[in-house]
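Engineer: What follows is a predicted protein model with its sequence.
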Protein chains: 2
Amino acid sequence: MERVFSIGKLAEASGSKVETIRYYEQIGLLPEPERNAGNQRRYTARHYERLVFVLHARDLGLSIDAIRQLIDLSQHPDLPCRDADDIAQRRLEDVRQRIARLKLLEAELERTLSSCSHGTIAECKVIEALAQCGACERHHRPPR
Amino acid sequence: MERVFSIGKLAEASGSKVETIRYYEQIGLLPEPERNAGNQRRYTARHYERLVFVLHARDLGLSIDAIRQLIDLSQHPDLPCRDADDIAQRRLEDVRQRIARLKLLEAELERTLSSCSHGTIAECKVIEALAQCGACERHHRPPR
DNA sequence: ATAATTCCTGTAGTCACTATAGGTTCAAGC
DNA sequence: GCTTGAACCTATAGTGACTACAGGAATTAT
C-alpha cells in the first residue's frame, strides 16, 4: 500500500499552492492523480517529485512550454540530452541578456535620481528625464 | 493652425504600435484626441510628448499604475517632488533585487550546464538538477 | 453531532498588451 | 472622377501563468 496524501499536503510539502497544483494538472504538467471515494485527489511520492521538478524549472524561469519539452524528453532516457542542454543554454543566454539590460536600467535610474535636487515637481529631474530622450534605445523622433 | 497627424504616424514616430496607443487611451494614460470628419483620431505634438513619456517610463519597467501617479504628479508643478522620487527609488530597489536574483540563476544554470557530459537523457545533469534540490530557496520537503 | 476546515468544479479576474473580425475612411494612381 | 488598397474604426477575445471567487460536498476535529 503506497502512502497517499491530499492536495493541501502536497501544496504544503512542495511550497506551492493548491490552486497552482490544480492548474498544472489542468494544463497537463502533472498527471491526473487517483481520487478517493469522495472525489478528492490522492497524491503519491511520484507526484511530489514531478511537482518539485516543475517548480524548480519555474524558479529558473523556464516557460511552461520549455518544461513540457523537458518532461517529454525525460520519458525517453536513451535519447541524447542535447535538446535538454539547449533549453538550459537558451535560458542562460536569456538570463544574461536580462542582467545586462537591467544594469543599464539601474544606471539610468541612478543617474536620474542623483540629479534630482528634491525641489518641486516643476523642477523634478525624474519626471523631466522621462519626458526627454536620455539614454533611450527606442527608435523615435518627433513627427514631421 | 496646429499640425495634426494620424495614429499610424504617431505610432511610427514614437516607435510604438497603433494598438498600444489605443490601449493607452482606453486606460486613460493618453488623453482622447480630437477626431476628423471621418471619426479618425488626430494627434498633436502634445500627444506625442505624453506618449514618449509613457513609453520611456515603461522601458524603465514602471507599472501602468506608477506612470499614472507620475502623470498625476506632473499636473501639480508646485508640489514637492518627493513622491516622484519615491517611485523611481522603489523601482531602483526592485531592479537591484532582480539583478541579484538573476545572477544567482545565472550561476545555477552555469553550474548545471557545465556538469553535463552530454550523454543520454538518463544521465543528463540538467534534468537531474531540476529533479533534485540543489541551490534551491524554495521551502519544501518530502511529504511525511 | 456539530462545527471548522479542506476539498470540489467552474468561471472570471489579473497585467499589459496583441490579435482578430467586420466594417468605414482615406490617399494615390489612372 | 473613380478605383483600389492601405490605414483606420469598434468590439471582442486571446496571451501566460497563475489567482480569486462562488457555491457546494467531503473530511477532520471537538
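Structural biologist: Arrived safely.
Engineer: For chain A, list the residues in contact with DNA strand C, please.
Structural biologist: Chain A comes close to DNA strand C at residues A:Ser6, A:Ile7, A:Gly8, A:Lys9, A:Ala11, A:Val18, A:Arg22, A:Arg35, A:Asn39, A:Gln40, A:Arg41, as judged by CB under 7 Å from any atom of the strand. Where you see a C-beta, it was placed from the backbone N, CA and C, and this is true even at glycine.
Engineer: ok, and of those residues, which contact chain B?
Structural biologist: A:Lys9 (CB under 8 Å from any CB of the partner chain).
Engineer: what about the longest helix that chain A contains, near chain B?
Structural biologist: Across chain A, the helix with the greatest residue count (assigned by DSSP state H) is helix A:82-114. Yes - using CB under 8 Å from any CB, helix A:82-114 reaches chain B at A:82, A:84-85, A:87-89, A:91-92, A:95-96, A:98-99, A:102-103, A:105-106, A:108-110, A:112-113.
Engineer: hmm, that helix touching DNA strand D?
Structural biologist: No - if you take CB under 7 Å from any atom of the strand as the test, helix A:82-114 misses DNA strand D, and the best it gets is 11.5 Å.
Engineer: Which SSE is immediately downstream of that helix?
Structural biologist: Next helix or strand after helix A:82-114 toward the C-terminus (DSSP states H and E): helix A:125-131.
Engineer: Counting by contacts, list what that next one packs against.
Structural biologist: If you count contacts as 3 or more CB pairs under 8 Å, 6 or more residues apart in numbering or on different chains; DSSP states H and E, helix A:125-131 packs onto helix A:82-114, helix B:45-59, helix B:64-74, helix B:82-114.
Engineer: tell me the mean pLDDT for the shortest one?
Structural biologist: In other words, helix B:64-74. The pLDDT scores in helix B:64-74 average 91.
Engineer: out of the residues of chain A next to DNA strand C, which is most surrounded?
Structural biologist: Within the residues of chain A next to DNA strand C, most neighbours by other CB atoms under 10 Å in any protein chain shown means A:Arg41, with 21 neighbours.
Engineer: Tell me the residues of chain A that contact DNA strand D?
Structural biologist: Residues of chain A lying near DNA strand D (CB under 7 Å from any atom of the strand): A:6, A:17, A:19-20, A:23, A:36-40, A:58, A:63-65.
Engineer: Show me just the buried residues among these.
Structural biologist: A:Thr20, A:Arg58 (16 or more other CB atoms under 10 Å in any protein chain shown).
Engineer: and of the residues of chain A next to DNA strand D, the nearest to A:Arg138?
Structural biologist: Distance to A:Arg138, by CB to CB, is smallest for A:Ser63 among the residues of chain A next to DNA strand D, at 26.0 Å.
Engineer: So for chain A, the centremost residue is which one?
Structural biologist: A:Gly61 (3.7 Å; CA atoms, centre = their mean).
Engineer: Okay, that residue and chain B: tell me how far apart.
Structural biologist: As judged by CB to the nearest CB, to the nearest Å, A:Gly61 and chain B stand 6 Å apart.
Engineer: List the contacts of that residue.
Structural biologist: A:Arg91, A:Asp94, A:Val95, B:Leu105 (CB atoms under 8 Å, 6 or more residues apart in numbering or on different chains).
Engineer: Most tightly packed of the helices and strands packed on helix A:125-131?
Structural biologist: helix B:45-59 (a mean of 20; mean count of other CB atoms under 10 Å in any protein chain shown).
Engineer: Quick check, the residue in chain A closest to DNA strand D?
Structural biologist: In chain A, the residue that lies nearest DNA strand D is A:Gly38 (2.0 Å; CB to the nearest atom of the strand).
Engineer: Surely that residue is within a strand?
Structural biologist: No - according to DSSP: H, G, I helix; E, B strand; the rest coil, A:Gly38 belongs to no strand; its state is coil.
Engineer: how near is it to chain B?
Structural biologist: 20 Å.
Engineer: Low-confidence ranges, chain A, go.
Structural biologist: A:1, A:135, A:143-144 (pLDDT under 70).
Engineer: Would you mind pulling up the elements that the one helix or strand A:Glu12 maps to packs against?
Structural biologist: In this assignment (DSSP H and E), A:Glu12 forms part of helix A:7-14. In terms of contacts (3+ CB pairs under 8 Å, 6+ apart), helix A:7-14 is packed against helix A:18-26, helix A:45-59.
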